[in-house]
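Trainee: Everything below, folded, please.
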Amino acid sequence: MKRLVLILALTAVFVVAQAQSRQGTFSLIPKVGITLANMANMGLNTYDGTLDSHFKAGFVGGLQGEYQATTHISVSLGAFYSMQGCRYSDYRIQVPIKVSEDEEFIGSHHHHINLDYVTVPLLVNYYATRGLAVKIGVQFARLVNAKESREDTPYKVNKSGVYTYGEMTQTTKDRMEQCNKTEFSIPMGVSYEYMNVVVEACYHLGLSKITKGAENHNHCFTITAGYKFDL
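Mentor: Below is the predicted model:
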């Protein structure tokens with residue numbers, strides 16, 4: 001009998017722990033996490049050919065409000081600070097004007113494009129099972145910072161194949177004037193709630209051009225963890 005009571009009690013605790021908010025309730029969810037972002041059509045012309053951009057990691061954090069409209073459907077609206085952009089592998093370019101018989105190059109390292117946004121996602125969440133939700137919506141973003149940075153090292157290669165390196169320089173450029181200030185995207189993902197802790201993974205498909213006069217847009221994954229406060 002005691003064993004049966006214990007099993008029933010543990011089952012009740014497990015069910016309550018997984019339960020999402022009741023219908024008609026409003027919740028606040030502070031969240032923090034990481035971004036994995038890249039930019040489409042951002043290839044660089046280098047000495048060894050075209051170099052594609054890669055995903056870079058960043059920070060995302062903010063606050064989300066959620067209204068549980070029905071047992072299975074809720075609507076959420078949030079405001080987040082999201083670090084996006086892209087990065088490049090090490091590469092080299094050849095100096096076009098030769099002042100000697102040596103081949104002259106510039107090697108670039110830690111080349112990053114950093115785009116920081118304030119994002120406002122509006123999502124519809126469908127709770128397929130208790131605690132597990134799939135979601136899709138629209139997101140507006142405002143660009144607040146855009147910088148490009150890299151480390152450049154000049155070097156020469158003589159006829160014998162001997163390398164001579166110059167001094168490394170750090171280059172940072174402000175790219176706000178070259179970028180569009182607003183961006184729209186479609187976020188889609190999945191979340192799981194347990195004991196008010198919410199873990200969420202989303203993919204954000206960029207719809208807007210990032211730089212003026214170019215066909216490029218953002219691709220961004222976000223992985224966040226938050227705590228749900230029912231009001």
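Trainee: mind listing the strands for the protein?
Mentor: Using DSSP state E, the strands assigned to the chain run over residues 26-39, 44-46, 49-51, 56-68, 73-88, 91-94, 103-129, 132-157, 163-165, 169-174, 182-194, 197-206, 218-227, 229-230.
Trainee: Save the ones you listed as a markdown table, and put in mean neighbour count too.
Mentor: (Glycine included, C-beta is placed from N, CA and C.) Listed next are the strands of the chain as a markdown table, based on neighbours: other Cβ atoms under 10 Å:
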| stretch | mean neighbour count |
| --- | --- |
| strand 26-39 | 19 |
| strand 44-46 | 13 |
| strand 49-51 | 12 |
| strand 56-68 | 18 |
| strand 73-88 | 20 |
| strand 91-94 | 15 |
| strand 103-129 | 18 |
| strand 132-157 | 17 |
| strand 163-165 | 10 |
| strand 169-174 | 10 |
| strand 182-194 | 17 |
| strand 197-206 | 18 |
| strand 218-227 | 20 |
| strand 229-230 | 12 |
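Trainee: Can I get those strands in a markdown table including distance to Lys212?
Mentor: Putting the strands of the chain into a markdown table (distance: least, Cβ to Cβ, whole Å) gives the following:
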| stretch | distance to Lys212 |
| --- | --- |
| strand 26-39 | 14 |
| strand 44-46 | 18 |
| strand 49-51 | 22 |
| strand 56-68 | 22 |
| strand 73-88 | 16 |
| strand 91-94 | 24 |
| strand 103-129 | 14 |
| strand 132-157 | 12 |
| strand 163-165 | 37 |
| strand 169-174 | 14 |
| strand 182-194 | 12 |
| strand 197-206 | 15 |
| strand 218-227 | 15 |
| strand 229-230 | 41 |
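Trainee: Switch those over to JSON lines; also include mean pLDDT.
Mentor: Shown next, in JSON lines, are the strands of the chain (pLDDT from 0 to 100):
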{"stretch": "strand 26-39", "mean pLDDT": "97"}
{"stretch": "strand 44-46", "mean pLDDT": "93"}
{"stretch": "strand 49-51", "mean pLDDT": "94"}
{"stretch": "strand 56-68", "mean pLDDT": "97"}
{"stretch": "strand 73-88", "mean pLDDT": "97"}
{"stretch": "strand 91-94", "mean pLDDT": "94"}
{"stretch": "strand 103-129", "mean pLDDT": "96"}
{"stretch": "strand 132-157", "mean pLDDT": "96"}
{"stretch": "strand 163-165", "mean pLDDT": "92"}
{"stretch": "strand 169-174", "mean pLDDT": "95"}
{"stretch": "strand 182-194", "mean pLDDT": "97"}
{"stretch": "strand 197-206", "mean pLDDT": "97"}
{"stretch": "strand 218-227", "mean pLDDT": "97"}
{"stretch": "strand 229-230", "mean pLDDT": "93"}
